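[1] with the sequence up front, the predicted model follows.
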Amino acid sequence: MTAESKRMDMLSGGLLGKILLFALPLAASSMLQQLFNSVDVAVVGHFAADPAAATAAVGSNGAVINLIINLFVGLSVGANVVISGYIGSGNREKAEAAVHTSVSIALISGLLLIFLGFIITKPLLEVMNTPEAVLPLAVQYLRIYFLGMPFIMLYNFGASILRCIGDTKRPLICLVISGVLNAGLNLFLVIVFHLDVAGVAIATVVSNAVSSILVISFLVRERSEVHLDLRKLRICKPDLIRIMRIGIPAGLQNMVFSVSNVIIQSVLNGFGTVAVAGSAVALNFENFSYFIIAAFNQAAVTFTSQNYAAGKYDRCRSVFRLCMTLSMILTACMSWTFILARPFFISFFTSDPAVMRYAELRMLCVLSLNFLTSTYDVGGAAMRGLGYSATPAVLTIFGTCLLRLVWAYTICRIFPRFEILMIVYPISWIVTGSAVLAAYFIMRRKAFSLNTSSH
């Protein structure tokens, strides 16, 4: 990496060290981002007037938030693939145009999400059978949270652009600063001003604003292909089409994922406030483990995009093998660390014995096999790097989302138990992973043979 730019050469040299250098700061960044919500849950769980209701209101909103924003976040995946492809083929002018298109999309998306969030928050929570004691607090948290959507979109797109040149360290710096600010504001607003759920929501909005301003400032000062000139913000139609072609299937996949999780959350709500709170606590550890998978997912997309555009197919194969292996091993290590020391980790979020029991049960059912998510996540990312975005989306929708919906409305009605609901997760991972891996090898052979014959 040069002093002028944090650009990483993904087209030559050893891959193992570069993939780790790319993925590990990205995983750390995602974990810090999750700390925004985890600190929210921990603070209200210990200091709110009604800890169980506040924990349920804050911690159970992840499915709703993801449902609303994932289509737009999926577009950042499309931006990553398009910009990385231009960089791999050496086309600086097109890369810069795609950067300005991406930031413009982020701004427009963030503004749309403010209005969308305000309109559908309460009806959606009601459809999900949110407990009556939790509903007003959950609505309050989400409406404040969605005021920060432009900042969330700008950070996600900005960080995705920096990843195109292999820079995952500066987004980490942004989140270290904003994460510390978030934690301090949480404690200040809840303990001193007794704002409870509203306080942690306000703290999250402010910290998201700080992270987005920092990442945009990095892009403005950048002198590589991803330099941003705010005076040149505009949408280039060909790049918009390419970004949407890759990003919309990825976003729809995540949206359908969120729909299935919203439905599972609605079934879960039927077990009462304590079960919802316990599940919300355990979900924090699933998210932390998943961020390792997400980091190697991004590495697979970015490294594959550049090397495929440069015609380096052997390196594409190596990228897939390394990302898959590292993702599974490191995710398993983190997941089982949480499981083996679960009373210690759960105590950060709650001291209620009933809530703790549900949290432990979810951890055992779900977290123990969380590493299997790598099979379809990294496999799908590698396919997107080759330009195939619809195939992994369709397979994941049917293999995971549809299966979870059928399970929730059939098996769980016959056996209405918390653990029966939870085991659908590992079952869906096995089914979806097998399908996506098979498709990846077929698509890879097709892509490489087509390009070899055309040359």
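    Structure received.
[2] gap between Val256 and Ile241?
    23 Å (Cβ to Cβ, to the nearest Å). Every C-beta, even on glycine, is put in place using the N, C-alpha and C of the backbone.
[3] over to Leu364?
    Distance from Leu364 to Ile241, by Cβ to Cβ: 46 Å.
[4] looking at those two, which is more packed in?
    Comparing Leu364 with Ile241 by other Cβ atoms under 10 Å, the one with more neighbours is Leu364, at 14 against 11.
[5] the more buried one: which element?
    In this structure, Leu364 sits in helix 353-366 according to DSSP states H and E.
[6] which elements pack onto that helix?
    Where contact means 3 or more Cβ pairs under 8 Å, 6 or more residues apart in numbering; DSSP states H and E, helix 353-366 is packed against helix 273-309, helix 313-340, helix 342-346, helix 418-422, helix 424-454.
[7] restricting to C-alpha, output the third one in PDB.
    Taking only C-alpha atoms (Å, rounded to 0.1, in the frame of the first residue of the first chain), the coordinates of helix 342-346 have been written out as PDB:
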ATOM      1  CA  ARG A 342     -22.300 -18.200  27.400                       C
ATOM      2  CA  PRO A 343     -23.300 -17.300  31.000                       C
ATOM      3  CA  PHE A 344     -20.400 -14.700  31.000                       C
ATOM      4  CA  PHE A 345     -21.300 -13.200  27.700                       C
ATOM      5  CA  ILE A 346     -25.100 -13.100  28.300                       C
END
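[8] got the buried residues for the helix or strand Ile248 falls within?
    Ile248 belongs to helix 237-269 when assigned by DSSP H and E. By neighbour count with 16 or more other Cβ atoms under 10 Å, helix 237-269 contains the buried residues 239-240, 242-244, 246-269.
[9] report all helices and strands that the least confident helix or strand in the chain by mean pLDDT contacts.
    For the chain, using mean pLDDT, DSSP states H and E, the weakest element among its helices and strands is helix 51-59, scoring a mean of 79. If contacts are counted by 3+ Cβ pairs under 8 Å, 6+ apart, helix 51-59 sits against helix 16-47, helix 135-146, helix 196-221, helix 273-309.
[10] so Val205 touches Phe151, yeah?
    Yes: with contact defined as Cβ atoms under 8 Å, Val205 counts as touching Phe151 (7.3 Å).
[11] who has more neighbours out of the two?
    Per other Cβ under 10 Å, whichever of Val205 and Phe151 has more neighbours is Phe151, with 24 against 19.
[12] next up, the contacts around the more buried one.
    Gly110, Val205, Asn208, Ala209, Ser211, Ser212, Ile213 (Cβ atoms under 8 Å, 6 or more residues apart in numbering).
[13] narrow the residues you listed to just the buried residues.
    Gly110, Val205, Asn208, Ala209, Ser211, Ser212.
[14] how far away is the last one from Gly179?
    Computed with Cβ to Cβ, the distance linking Ser212 and Gly179 is 14 Å.
[15] check the third one too.
    When distance is defined by Cβ to Cβ, Asn208 is 11 Å away from Gly179.
[16] any stretches of the stretch 51-200 of the chain with poor pLDDT?
    60, 63 (pLDDT under 70).
[17] can you put the contacts of Phe151 in CSV and add distance to Phe338?
    CSV is the format used below for those (distance: Cβ to Cβ, whole Å):
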residue, distance to Phe338
Gly110, 33
Val205, 29
Asn208, 26
Ala209, 31
Ser211, 26
Ser212, 30
Ile213, 33
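[18] and of those, the nearest to Ala48?
    Val205 (18.4 Å; Cβ to Cβ).
[19] how about that closest one: what's its closest non-neighbour residue?
    Nearest residue to Val205 in three dimensions, chain neighbours excluded: Gly148, at 3.6 Å (Cβ to Cβ, 6 or more residues apart in numbering).
[20] quick one: contacts for that neighbour?
    Thr204, Val205, Asn208, Ala209.
[21] now those residues in a markdown table, with distance to Ile105?
    Formatted as a markdown table, those follow (distance: Cβ to Cβ, whole Å):
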| residue | distance to Ile105 |
| --- | --- |
| Thr204 | 23 |
| Val205 | 21 |
| Asn208 | 18 |
| Ala209 | 19 |
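[22] what's the neighbour count on Leu450?
    10.
[23] actually Ala275, not the one I typed
    Using other Cβ under 10 Å as the criterion, the residues surrounding Ala275 number 23.
[24] please name the spatially closest residue to it (chain neighbours excluded).
    Nearest to Ala275 is Tyr358, by Cβ to Cβ, 6+ apart, at 5.0 Å.
[25] check Val99 too.
    Val99 sits nearest to Val226 (Cβ to Cβ, 6+ apart), 5.2 Å away.
[26] hang on, that neighbour packs against Gly166?
    No: using Cβ under 8 Å, Val226 makes no contact with Gly166, being 10.7 Å away.
[27] between these two, who's got more neighbours?
    Val226 (27 against 24).
[28] what's the more buried one in contact with, if anything?
    So Val226 contacts Ile83, Ala95, Glu96, Val99, Ile161, Leu162, Cys164, Ile165, Leu219 (Cβ under 8 Å, 6+ apart).
[29] may I ask which two of those residues are separated the most?
    Largest separation among the contacts of Val226 by Cβ to Cβ: Glu96 and Leu162, giving 14.1 Å.
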